[in-house]
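> using only what follows, build the 3D model:
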Amino acid sequence: MLEMRPNCECCDLDLPPDSNEAMICTFECTFCRDCAEKRFHGVCPNCGGEFTRRPVRPGRLLEKYPASAKRVRNPKCVGTAQANA
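The predicted structure is shown next:
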């Protein structure tokens, strides 16, 4: 089951479980569409894998299988969020 991380690892944009803007790689590194496409050109900076749109978890299942609340930040991006906004 996907962890469903709550934010973009680069710009810290909120990415709720129903977001169509969340992009993930095979290791579930999570970025917003803008960072994934424009900053990283579709290649995960952590593992080198490709990004795909994260599936949306149906609301009826969120209570039983909640999304993660732990925010993850990519050290390559920390301090550069303003430049990407």
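> mind listing what the residue nearest the centre of the chain touches?
Closest residue to the average C-alpha location of the chain: T30 at 2.3 Å, with Cα atoms, centre = their mean. Residues in contact with T30, defined by Cβ atoms under 8 Å, 6 or more residues apart in numbering, are R5, N7, C8, E9, L15, A22, M23, I24, R54, V72. Yep, even glycine has a C-beta here, placed from its N, CA and C like the rest.
> from G48, how far off is the nearest residue to the third one once chain neighbours are set aside?
Closest residue to C8 in three dimensions, ignoring its sequence neighbours and counting by Cβ to Cβ, 6 or more residues apart in numbering: C32, at 3.9 Å. C32 sits 19 Å away from G48, taking Cβ to Cβ, to the nearest Å as the criterion.
> of these two, which one has the most company?
The residue with more neighbours, out of C32 and G48, is C32; 23 against 8, by other Cβ atoms under 10 Å.
> touching, A69 and P6? I think so.
Yes - counting by Cβ atoms under 8 Å, A69 touches P6, with 6.1 Å between them.
> picking up where we left off before, ok, and the closest non-adjacent residue to the residue nearest to the centre of the chain?
With Cβ to Cβ, 6+ apart, the residue lying closest to T30 is R5, at 4.1 Å.
> which residues sit against stretch 43-54?
Contacts for stretch 43-54 (Cβ under 8 Å, 6+ apart): 2, 4, 9, 15, 19-20, 22-27, 29-31, 33, 36-37, 40, 42, 74, 76.
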